[in-house]
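Colleague: structure for the following, please:
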Amino acid sequence: MYEKGKAFLGAAILLRQRRASEYAVLHLLCQGIEVLGKGYLLMVDYDVFKPKLRVYGHNLLKLVAAIEAHSGLTILTAPVHAELETLSNLYRRQLLRYGSSYDILVDAKSIPSGLVLRRSFALLRLARLKRFANEPPAI
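Modeller: Next comes the predicted model:
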C-alpha cells in the first residue's frame, strides 16, 4: 500500500507539472493520501485497524485524525485542515473522479491543494519510517 500511495502522489505531481486535468491531479492526491494512510494504520496494528478501514471509507479527515491520534503527530494545522476538508468532501462524493456539472461550474485550479500536497509528504515520511523501522539499515 505504501508503494501504491507513493505512486499516486507521484502521478499527481507529474500530471500537475504537465498541466493535465487538475481534477485528475486532485483525485490522485486524495487517493494517494487514502492508500498511504490506510497502509500506515495497517502497519501499526493490522488486527485493530483492518475492521475500521470501512468506517473511514473515503473520508480523509477521519483517516488523518486516526493517524494523528495513533502517532501523536499534528498533521492537520488549521489551514491544511481547511484544504483537506474541501478535498475530502469532493473525493467522498466522487466529484473529482467522474464527470458532472460540477466540472463545468468549478474550475479545478480554484480548489486549493498546495498545503495538502506538501503535508502529504509528511505522511509519506511517516509511513516510510514505520515501514522500515524494524529493518536493519542498508549497507
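Colleague: list the buried residues in the longest helix anywhere in the chain.
Modeller: Longest helix in the chain by number of residues (criterion: DSSP state H): helix 22-44. Under the neighbour-count criterion of 16 or more other Cβ atoms under 10 Å, helix 22-44 has 22-43 buried. Quick note: C-beta positions are derived from backbone N, CA and C, even for glycine.
Colleague: for the chain, what spans make up the helices?
Modeller: 2-17, 22-44, 46-49, 53-56, 60-71, 78-92, 101-105, 114-132.
Colleague: and these, which one's lowest on average pLDDT?
Modeller: For those, the bottom mean pLDDT is recorded on helix 114-132, which sits at a mean of 77.
Colleague: now the most centrally placed residue in the chain: how far from Asp47?
Modeller: The centroid of the chain falls nearest to Ile33 when counting by Cα atoms, centre = their mean (1.3 Å). Note on Ile33: its distance to Asp47, by Cβ to Cβ, to the nearest Å, is 23 Å.
Colleague: likewise for Pro79?
Modeller: In this view, Pro79 and Asp47 are 35 Å apart by Cβ to Cβ.
Colleague: and what of Val116?
Modeller: Look at Val116 and Asp47: by Cβ to Cβ, they are 30 Å apart.
Colleague: who has more neighbours, those two?
Modeller: Neighbour totals were compared for Val116 and Asp47, and Val116 leads with 26 against 7 (other Cβ atoms under 10 Å).
Colleague: tell me the contacts of the residue nearest to that one when sequence neighbours are not counted?
Modeller: With sequence-adjacent residues excluded and distances taken as Cβ to Cβ, 6 or more residues apart in numbering, Val116 is closest to Glu83, at 4.7 Å. With contact taken as Cβ atoms under 8 Å, 6 or more residues apart in numbering, Glu83 is in contact with Pro112, Ser113, Gly114, Leu115, Val116.
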